[in-house]
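1. Coordinates only, no sequence provided:
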């Protein structure tokens, strides 16, 4: 099972100001939570380099990571 961890934060001289730090089941769930189009979230999750708008200091940093969750529950039939 794959989940996605999303962290939205501002970087400043005194440390990070975290706006969101949460795990979601799908990229669509992230898009719904932060009220942006799905394609925006998909682009962020698949890019290794930031888009042009993300380089400006007044925009928050958005990090989306894939998380593989191992299900240790055994099936009743097996």
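-> Ah, there it is. The model shown is predicted, which means the values in this text are computed figures rather than measured ones.

2. Quick one: low-confidence residue ranges for this protein.
-> Low-confidence segments of the chain (pLDDT under 70): 48-58, 71-78.

3. at 90 what do you get?
-> Applying pLDDT under 90 to the chain flags the ranges 1-2, 10-16, 40, 43-63, 68-78.

4. Can you show me the helices along it?
-> 27-34, 38-46 (DSSP state H).

5. Mind giving me the packing neighbours of the first one?
-> The elements that helix 27-34 packs onto, with contact taken as 3 or more C-beta pairs under 8 Å, 6 or more residues apart in numbering; DSSP states H and E, are strand 2-12, strand 15-24, helix 38-46. Every residue, glycine included, has its C-beta placed from N, CA and C.

6. Which one of those lies nearest to residue 68?
-> With C-beta to C-beta, the closest approach to residue 68 among the helices and strands packed on helix 27-34 belongs to strand 2-12: 5.9 Å.

7. ok so, going back, okay, the helices of the chain in CSV with distance to residue 14 next?
-> Output for the helices of the chain, formatted as CSV (distance: least, C-beta to C-beta, whole Å):
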stretch, distance to residue 14
helix 27-34, 24
helix 38-46, 25
